[in-house]
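Chemist: Based on what follows, work out the 3D shape:
(3 chains)
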Amino acid sequence: MPVERVDPELVEFDVRTDEMLINMGPQHPSTHGVLRLVLRTDGEVVSSAAPHIGYLHRCAEKIGENVSPRQWIPYTDRMDYLAGMNMNLGWAMTVEKLMDLEVSEKTRHLRVIVCELNRIASHLVAAGTYGLDLGSFTPFLYCFREREKILNLFEAVCGARLTYSYIAPGGLIADLPPGWLEACERCLGELQAVVPELHAMLTSNEIFIRRTAGVGVLSPEMAIDYGCSGPVLRGSGVKWDLRRDGQPPVARMYEDYRFEVIAQVDGSYPRDQEYPPVPPEAVVGDCWHRFYVRMLEVVQSIGLVRQAIEHYRRSAGPVSEPIKITQKLPRGEAYLETEAPKGQMGFLVVGDGTAIPWRVRARSSCFCNLSVLTEISRGCLLADIPAILGSLDIVLGEIDR
Amino acid sequence: MIAEYLTTRFGLPEWLACGGVALVQCLILLGIMMFAAALFTWMERKVAGRIQDRLGPTRVGGRFGWLQSVADGVKLLAKEDLIPGEADGLLFRLAPYVSFCAAFCVYLALPFSNGWVAQHLNVGVFFIVAIAGLEVFGVILGGYSSASKWSLYGAMREAAQVVSYEVPLGLCVVIPVMVAGTLDLVAIGNMQRGWGVNWLVFHNPFLFITFFIYALCTLASTNRAPFDLAEAESELVAGFLTEYSGFRWSVFFMAEYGSMYAMSGLGAILFLGGWHGPIPLAEMLGLSYANHAVLGWLGDLLGAGNFLCKAFLGVAAMMWLRWTLPRLRIDQVMTTCLKYCVPLAAAMFVGTMLWTYALPGGLLPRSTPLGAVAEAPPWTAPRAARGERP
Amino acid sequence: MINWHTCFFLLFATITCAFAVAVVVSANVVRMAVCLIASLAAVSGLYFLAVADFVAAMQLMIYVGGTLVLLVFGVMLTARGPFVSMKITPANWLMAGLAGGALLILLLCAATSVDAWKTAAVAASAPAAEGGHTVAPIGMALLGIRVDALEQANPALRGGIAGYLLPFEIVSVHLLVVLVGAAHLARARRRRRPAEAVPDASRSA
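Modeler: Numbering: from 1, shown residues only, chains lettered A, B, ... in the order given. A predicted model of the protein is given here:
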């Protein structure tokens, strides 16, 4: 990236007399966090949309060089704060890879339960706020009503609703309380009934389709070039999911599970569930497909949680205890990417023999997903910017760390 | 009539008497408009809540939050008077009141019952359509004088939308006028007396479709979802309203709810029988001027209640749509207007024209009212016949 | 004699003249447009007072609604900075004053020279004057029947008395369509294609 030698304030001086320079954010209802978008528009048509990030940078990686891995877990919670469990999981598995630790079967399946539940919660927020960005106020509340049930479950498990710090390197900080599994199954049943309502209000809604179909088309080649992952990549038709194709620790975690990777391959989506048909105006890689992938993944995750509950019930032994704060890390480094709801979240830990790591690095999925915004929003209308941004589903906590 | 009474009985100068009567009429209309705004703010929140599976206001003024609107009004009055530093002060202060005046003036020609109209204009329809298009001027002024790009964008979008939709709105309004043969709203309303089959919406299938096109154009004219780009929170913060807070904001919203109610009322008169219910209760009960003046007045009151209910249902339907559907982009709004509404309305116009040529009486048999024909109250007679100066 | 009618006439006339003067005097283009709207709306009020409802509604729709919204559009789209001020040189003031003053004097002379307008007689009892019912006679005139001149004996004059009103209106609509088409054909195409857009987009962030 070339260094700007000029004062950034001067660069944005509005010298073009036929274009308007518009600043969207950092405080704006639809930028999903403190994101600043500098748009150049000719009337309604956007010629460039440049994201400016860093408003939520909290030096998490630097702090990681001063605290032990166990103490760094809350910092991962606050990255993608809508999917705290998945962030915890990524960090925990990275440290376990460095230290060559194995967790018990029960731990593995319980981790799948909470991570997939958190995936559902994250996708519900994405779907609800996407509807809100486009002016449909009601699905937002329906999604949050369901998410409340999941958050209540999480509160029963670890005492927190958003920043869980539940999955630690070595295991989990607590086992499930009694009655939790039944409550979870009830919640899944109710959630399964709400999904068709959301499809009716959003996915098959004529106005929603007109706002999102054909908008912000991302080709698979560009998605791979920019390092996009998650629903953004799968919405462009690339069948890649780390739960199937990832590194051994991640793939081993999901090896007993049956699920489909949701991506349109050869013109159709996997046929193991009922879903609304793809409208003719939708182009693979547009906002509608990215949204559709998330909605279908919710149903997949419901199935995964049900399978995990079965596995959990059948597995014996205790849940593994996490490592101690004073545990020394071996020399060496480990890098692991996991499939978080928003994409591939990678963690690097470099140990130097002491309890404090030498270097900690978090590779944000949303950072790469956001970088493609400039390309796919060229030539769109101003009202398409929230549509495209919402379909990328970014969380600034993860981008800025 | 009341003015003459005041002049002859109390010896007041004529201008004072007329002025007093006009003032009272204005205050009644203002009261209706403000009450409608307060009621609809409350109703919007309740309807929104119920559609979103929650309750809405439940604390202020009892279990249903009746006084929530009053509390909001007091809060808005007490807010700090903020004007952006670079804003054009005079225009910024003027803009909400321009919108409000335009919305208010629509009520001057809108009849609430037989003869219950502030100004019995014989160009009533034309006047209302003309004034309804002026509301956008307040919006443009507001957006422009806020000295903010976002406000300007919102104002431009709204102006383009309202001005474009005046065309299909005018066409949809002209079709029942053509069937009725007059621009006089009281006459159009009176033409639909009797049973519900007399309503113009059932006159011929083209008018039936026209009613729905009219409803769509009303949504676009008053900037309600799915055409609410000018107030789109998620895109332009609040569009032209971004810099408005406190009392000025509430004036804009009174103008919006007022014009929603007025356009619903206009639709009720043009298509849904106005102040006549589906069953001619007034005639059945003998509430006419032929029997007694008070009974006639009661019959008119029943009609006014009918009219208010119909307009209220129209507004409720608008709210229902707002909380269900996402919003359209500006180019999609324009496409809907120019490529769908205008040709459809023109086709309905031609269809109605041919239908009235072939079947002047309409599709369904016209019903005759039971008993005596409903008479107009004496003050609706032409002024010359009443002995006033022309 | 001060009665209701006169009060309102004075009010509307004052508003018209005052805002017309304000249009000339104000420096900001948008304020000029607002004053013009107020002035024309007051003229519409004068028409209502003259019991010409149809013309009054026309005035509102065409002048106030149509012309001025377009005027404000044009002003805002061409304004470079937010609040453009127009600078008028003294020479311009002088020339405009002379021309305007001459026309005003001419108008006053013409207005005060008509004998029929000097007395406070009630207007001729045209059937249209009753209660402002001007729409029906206009409609009949469009179809060729002048309701206020039914007793015209001379058949030669009777034929042209309606004055080809309907064909005139049809031609106006036709002309509007032609103008819209011409404006569309002649529009400047200056939109750059998205592929050649701003090259410094890659320098961002």
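
Chemist: Look up how far residue A:211 lies from the residue in the stretch 301-401 of chain A that chain B sits nearest to.
Modeler: Chain B sits closest to residue A:383 of the stretch 301-401 of chain A, with a gap of 4.3 Å, by C-beta to the nearest C-beta. Quick note: C-beta positions are derived from backbone N, CA and C, even for glycine. Distance of residue A:383 to residue A:211, computed by C-beta to C-beta, to the nearest Å: 8 Å.

Chemist: Show me the common contact partners of those two, please.
Modeler: Counting by C-beta atoms under 8 Å, 6 or more residues apart in numbering or on different chains, the common neighbours of residue A:383 and residue A:211 are residue B:329.

Chemist: so who does the residue lying closest to the residue of the stretch 301-401 of chain A closest to chain B once chain neighbours are set aside touch?
Modeler: In this structure, residue A:383 finds its nearest non-sequential neighbour in residue B:329, 4.3 Å apart by C-beta to C-beta, 6 or more residues apart in numbering or on different chains. Residues in contact with residue B:329, defined by C-beta under 8 Å, 6+ apart, are A:210-211, A:381, A:383-384, B:229.

Chemist: next one: residue B:93
Modeler: Shown in contact with residue B:93 (C-beta under 8 Å, 6+ apart): B:83, B:248.

Chemist: Would you mind measuring from it to chain A?
Modeler: 26 Å (C-beta to the nearest C-beta, to the nearest Å).

Chemist: Tell me the pLDDT of that residue.
Modeler: Per-residue confidence (pLDDT) for residue B:93: 88.

Chemist: near chain B, which residues of chain A?
Modeler: Contact residues (C-beta under 8 Å from any C-beta of the partner chain) of chain A with chain B: A:20, A:22, A:28-30, A:44, A:131-138, A:140-142, A:145, A:201-202, A:205, A:207-208, A:210-211, A:381-386.

Chemist: Just the ones of those residues in strands?
Modeler: Among the residues of chain A next to chain B, the subset assigned to strands under DSSP state E consists of A:20, A:22.

Chemist: which ones are touching residue 320?
Modeler: Because you didn't say which chain, this covers chain A. Counting by C-beta under 8 Å, 6+ apart, residue A:320 makes contact with A:103-104, A:107, A:170-172.

Chemist: The intended chain is chain B.
Modeler: B:47, B:51.

Chemist: Let me see the mean pLDDT of the helix or strand hosting it.
Modeler: Secondary structure from DSSP states H and E places residue B:320 in helix B:293-322. Summarised as a single mean, pLDDT over helix B:293-322 is 89.

Chemist: just checking, next helix/strand downstream of that helix?
Modeler: Sequence order places helix B:330-335 as the next helix or strand after helix B:293-322, per DSSP H and E.

Chemist: where do the helices sit along chain C?
Modeler: Here chain C has its helices, by DSSP state H, at C:4-25, C:29-49, C:53-58, C:68-78, C:90-112, C:135-142, C:155-161, C:165-185.

Chemist: Let's have the ones you listed in TSV, adding mean neighbour count.
Modeler: Listed next are these as TSV, based on neighbours: other C-beta atoms under 10 Å in any protein chain shown:
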stretch	mean neighbour count
helix C:4-25	15
helix C:29-49	20
helix C:53-58	22
helix C:68-78	16
helix C:90-112	10
helix C:135-142	16
helix C:155-161	10
helix C:165-185	10
